[in-house]
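Student: Need a 3D model of the sequence below.
(chains A, B, C and D)
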There are 2 protein chains.
Amino acid sequence: MNLDKFDLAILGVLQGDARASLQDIGTAVGLSSTPCWNRIKRMEAAGVIKGYTVQIDPAAVGFMDTVIVHVTLESHSEEMLYKFGQALAQIPEVLEAFLVSGDYDYFIRIAVRDTRDYERLLRERLYMIPGIRHSKSSFVLRRLKESALPLHLAGAQTRG
Amino acid sequence: MNLDKFDLAILGVLQGDARASLQDIGTAVGLSSTPCWNRIKRMEAAGVIKGYTVQIDPAAVGFMDTVIVHVTLESHSEEMLYKFGQALAQIPEVLEAFLVSGDYDYFIRIAVRDTRDYERLLRERLYMIPGIRHSKSSFVLRRLKESALPLHLAGAQTRG
DNA sequence: AGTGAAAAGGCTTTAAC
DNA sequence: GTTAAAGCCTTTTCACT
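Tutor: Numbers count the residues shown, from 1 in each chain, chains lettered A, B, ... in the order given. Coordinates of the predicted model:
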């Protein structure tokens, strides 16, 4: 799907506030609300927009610790990589999971209530997954930035 | 701020669709729209809800690669940790940055158009920050999960 | 605290350019 | 592709429980 500068501008506004009204979006990007609406629906249908979500303070709902865990597996067969990923995805505390190149196989980020919960999660969930060889945990001391894509650096792009 | 089961249920609905109407939220959690509205405004004011955002397919806007970079610094003084973090936050391609315990100081996740962009970013931006000692990059081959807090595991919590 | 109704405003569609 | 206007639905307020 091809995106022009208006599409990118609309995405930029929605990244800042997904509940912005069509009028405000239109004013911000220099269009009226109708074309904005059409463009948003088009991007939703094309999968450019995957959804809208709320940003919650983890500490406010009781998740006091974030831990990043590096995992190595016993084998690098496609079957094991896939099955391990599926098992990871079923653990609700796992917020992000990346299959990566390099020394490790998976990087995962988990949210836990406290260190006891973390210990239990590691022992009772993560190490119960077949194929895990080793893990290394790093506690997050400070979170500096939250993801928003730098859309001003994005060019229009054609995608399958 | 104390959150009851209705607050958590509302957050759960909004995590799934931040543009859900108050009527739909009310139906989903078993309340009418007015108390849902009051609770949302209360959580926004208290900072439990930090904002609403759109989830964009990075590839659709031209960011074909995600790289996770581990960074060590020359010193662990508070000043250096802080200054480095501030410099990181100013790089638009840096989507997430965590100050962590363990062998490394920072874990950062960056979005780049391609490997050439990544190389340029590393050389012209990251290694220009004073105090950087070493970095190690891992390319993301597959992204398995995207963060949504497991609110069913969250208890009501009192926060400063 | 919650409900339900009414007013205000925004969304979505249609029509026209 | 765009703007403008009409109808409908949602948000927001208010009176009451």
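
Student: can you tell me which helix in chain A is longest?
Tutor: Scanning chain A for the longest helix, with DSSP state H as the assignment, gives helix A:33-46.

Student: Dump that helix to PDB, restricted to CA.
Tutor: What follows is helix A:33-46, C-alpha atoms only, in PDB (Å, rounded to 0.1, in the frame of the first residue of the first chain):
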ATOM      1  CA  SER A  33     -12.600  15.400   8.100                       C
ATOM      2  CA  THR A  34     -14.000  13.300   5.200                       C
ATOM      3  CA  PRO A  35     -10.700  12.500   3.500                       C
ATOM      4  CA  CYS A  36      -9.100  11.900   6.800                       C
ATOM      5  CA  TRP A  37     -11.900   9.300   7.600                       C
ATOM      6  CA  ASN A  38     -11.400   7.700   4.200                       C
ATOM      7  CA  ARG A  39      -7.700   7.500   4.600                       C
ATOM      8  CA  ILE A  40      -8.000   6.000   8.100                       C
ATOM      9  CA  LYS A  41     -10.400   3.300   7.000                       C
ATOM     10  CA  ARG A  42      -8.200   2.500   4.000                       C
ATOM     11  CA  MET A  43      -5.200   2.100   6.300                       C
ATOM     12  CA  GLU A  44      -7.100   0.000   8.700                       C
ATOM     13  CA  ALA A  45      -8.300  -2.300   5.900                       C
ATOM     14  CA  ALA A  46      -4.800  -2.600   4.500                       C
END
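
Student: what element comes up after that helix heading to the C-terminus?
Tutor: Using DSSP states H and E, the helix or strand that follows helix A:33-46 in sequence is strand A:49-56.

Student: What is that next one packed up against?
Tutor: When contacts are defined as 3 or more CB pairs under 8 Å, 6 or more residues apart in numbering or on different chains; DSSP states H and E, strand A:49-56 sits against helix A:5-16, helix B:5-16, strand B:49-56. Placement of C-beta: from N, CA and C, glycine included.

Student: List the neighbouring strands of that strand plus their orientation.
Tutor: strand B:49-56 (antiparallel) (DSSP bridges).

Student: and the partner strand with helix B:5-16, angle?
Tutor: Relative orientation of strand B:49-56 versus helix B:5-16 (axes from the mean of the first three to the mean of the last three CA atoms, to 10 degrees): 30 degrees.

Student: can you pull the buried residues of strand B:49-56?
Tutor: B:49, B:51, B:52, B:53, B:54, B:55, B:56 (16 or more other CB atoms under 10 Å in any protein chain shown).

Student: Next up, the contacts around the fifth one.
Tutor: When you say that, I think you mean residue B:54. A:11, A:14, A:15, A:18, A:49, A:51, A:52 (CB atoms under 8 Å, 6 or more residues apart in numbering or on different chains).

Student: Give me the distance between it and residue A:49.
Tutor: 6 Å (CB to CB, to the nearest Å).

Student: between those two, what contacts are shared?
Tutor: With CB under 8 Å, 6+ apart, residue B:54 and residue A:49 have common neighbours A:11, A:14.

Student: my guess is residue A:22 contacts residue A:35, does it?
Tutor: No. Assessed by CB atoms under 8 Å, residue A:22 is found out of contact with residue A:35, at 9.7 Å.

Student: picking up where we left off before, now distance to DNA strand C too, for the helices and strands packed on strand A:49-56, in TSV please.
Tutor: Listed next are those as TSV, based on distance: least, CB to the nearest atom of the strand, whole Å:
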stretch	distance to DNA strand C
helix A:5-16	11
helix B:5-16	6
strand B:49-56	12
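
Student: and of these, who's closest to DNA strand D?
Tutor: With CB to the nearest atom of the strand, the closest approach to DNA strand D among the helices and strands packed on strand A:49-56 belongs to helix A:5-16: 5.9 Å.
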